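Undergrad: sequence? don't have it. structure:
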């Protein structure tokens, strides 16, 4: 299974720390109903065993909505869960090694911060890139925001889909118009909202106006 630009439109990255009493399953279900097209399971506070259990619980839900489920960082968990692929950062497993472990049919996403990293990731088998952080974000500390010019240059340099990530909200998302992205990846813009479905629907509406 590979990904296309349409699947990358609204990329949700989970974070249960925003949810309060709501279960991750319920929040993801709401998000999918609101129009999320791609889901990454990223739970920094859970053990590998707990992440695997969450992945196995979420996979049928994602299948029902025809949405790929990607695991953050861990190829082993992705393979054990039967997930659709994995996303790795520049400080995580090297992209070429991740591709070898995944095999040719799973989705591989790679974080990139400049054209050099983007081209290397594409050459090593990445199916899509996550570029950012575009705006200040509470998810990652001490991050220098990526400029719109760098984002545009990356989109022009590679042939695979690029999603912008990092501090993206309904309010600042329109600033990314014209950069060439396939979509946007968000965390708190969905999972910290009282109604994940309504939040996702609003983001989809905005993306429809800025992604060509």
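TA: Nice, I can see it. These numbers were taken from a predicted model, which means no experiment stands behind them.

Undergrad: tell me which residues of stretch 145-154 come out buried.
TA: Residues of stretch 145-154 classed as buried: 146, 150-154 (neighbour count, 16 or more other Cβ atoms under 10 Å). Backbone N, C-alpha and C define where each C-beta goes, glycine included.

Undergrad: including pLDDT, could the residues you listed go into a markdown table?
TA: Listed next are the buried residues of stretch 145-154 as a markdown table, based on pLDDT from 0 to 100:
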| residue | pLDDT |
| --- | --- |
| 146 | 94 |
| 150 | 97 |
| 151 | 98 |
| 152 | 98 |
| 153 | 98 |
| 154 | 98 |
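
Undergrad: let me know the closest of those residues to residue 207.
TA: Checking these against residue 207 by Cβ to Cβ gives residue 151 as the nearest, at 15.0 Å.

Undergrad: so what's that closest one closest to, chain neighbours aside?
TA: residue 179 (4.7 Å; Cβ to Cβ, 6 or more residues apart in numbering).

Undergrad: next, the contact list for the one you found, please.
TA: 148, 151-152, 155, 164 (Cβ atoms under 8 Å, 6 or more residues apart in numbering).

Undergrad: over to residue 57?
TA: Here residue 57 is in contact with residue 25 (Cβ under 8 Å, 6+ apart).

Undergrad: gap between it and residue 98?
TA: For residue 57, the distance to residue 98 equals 24 Å [Cβ to Cβ, to the nearest Å].

Undergrad: next: residue 132.
TA: 19 Å.

Undergrad: next: residue 4.
TA: Taking Cβ to Cβ as the measure, residue 4 falls 20 Å from residue 98.

Undergrad: can you show me the strands along the chain?
TA: 10-13, 38-41, 69-72, 85-88, 107-112, 128-131, 162-165, 183-186 (DSSP state E).

Undergrad: so which of those is nearest residue 31?
TA: Across the strands of the chain, closest to residue 31 is strand 10-13 (Cβ to Cβ), at 5.2 Å.

Undergrad: can you give the strand pairings for that closest one, parallel or anti for each?
TA: Using DSSP bridges, the strands paired with strand 10-13 are strand 38-41 (parallel), strand 183-186 (parallel).

Undergrad: just want to know which of residue 4 and residue 98 has more residues nearby.
TA: residue 98 (26 against 11; other Cβ atoms under 10 Å).

Undergrad: I appreciate the help and will end here.
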